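[1] Kindly generate the corresponding structure for this input.
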Amino acid sequence: MSAIGEIIGIFGAILVSFLLGAFALGFFGGKTTINYLKVKMSKNKKLLIWADTPTGRRSLVGKLEGELKEGTISWNYLGSVKITEITKDNVGRFFSVNYVALNVDTPEVCYNLTELGEKPRTSIDNKTFSQILVRAETKPQIEDDVQGKLIKIVLVGLLIVIVLCAVLVFKVITIEQVVNNLGVVA
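    Numbers count the residues shown, from 1 in each chain. Purely as a prediction, here's the structure:
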């Protein structure tokens, strides 16, 4: 195999690895991974927010206004901008990014999560939440599963890209062999 074929093969492998990694990151990590990356790339201009909502904990991104020790963060929830005061005691670290925890019912102040995974105080009504869970578990199956179709389409597209890359590599190798043979014959 010549240098050109090796370069194309390596480039193809890197491209396929990148696409598979990006797909897995978005599919398995979800919104929290994207929010984490936004905060990580902002260089301490944004904070990761663990917000307790009526249906559970969500991750959000807040823009830091002022200092990390004493300042405010502005963030969006359900289309409206909220402002929360922060202090040094309320800010924690999560995989090398700063975060705060708050409840969306009282967004003016945040509270301290002493360790990740602790269940903070919340205003969730357990009876209502239990009924929501029972309804979600017993919902009828829908024939029109849009998410399942989308996943199948993406996987088929990924398979097509892999096959096209393999065909391209083999074509380049074949062309290179023909050119080498022509050089030997002449």
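[2] got the contact list for the least confident helix or strand in the chain by mean pLDDT?
    The weakest-scoring helix or strand in the chain, judged by mean pLDDT, DSSP states H and E, is helix 126-137 (a mean of 74). By Cβ atoms under 8 Å, 6 or more residues apart in numbering, the surrounding residues in contact with helix 126-137 are 54-55. Placement of C-beta: from N, CA and C, glycine included.
[3] Please spell out which residues along the lengthiest helix in the chain are buried.
    Using DSSP state H, we find that the single longest helix of the chain is helix 146-185. For helix 146-185, a neighbour-count test (16 or more other Cβ atoms under 10 Å) marks 165, 169, 172-173 as buried.
[4] and which of these is nearest to Pro107?
    Closest to Pro107 out of the buried residues of helix 146-185 is Cys165 (48.4 Å), distances taken as Cβ to Cβ.
[5] Not including adjacent chain positions, what is the nearest residue to the closest one?
    Nearest residue to Cys165 in three dimensions, chain neighbours excluded: Gly12, at 4.4 Å (Cβ to Cβ, 6 or more residues apart in numbering).
[6] Quick check: what element follows the helix or strand harbouring that neighbour along the chain?
    Using DSSP states H and E, Gly12 maps to helix 3-24. Following helix 3-24 in sequence order, the next helix or strand is helix 30-41 (DSSP H and E).
[7] Can you list the strands that the helix or strand that that following helix is followed by pairs with?
    Next in sequence after helix 30-41, counting helices and strands by DSSP H and E, comes strand 46-53. Strand 46-53 has the following sheet partners, assigned by DSSP bridges: strand 56-66 (antiparallel), strand 97-103 (parallel).
[8] Quick one: residues in contact with strand 46-53.
    For strand 46-53, the external contacting residues (Cβ under 8 Å, 6+ apart) are 35-36, 38-39, 57-64, 73, 75, 77, 86, 91, 94, 97-104, 113, 120, 122-124.
[9] Buried among those? Make that a ChimeraX selection.
    Per 16+ other Cβ under 10 Å, the buried members of the contacts of strand 46-53 correspond to this ChimeraX selection:
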select :35,36,39,59,60,61,62,64,73,75,86,91,97,98,99,100,101,102,103,104,113,124
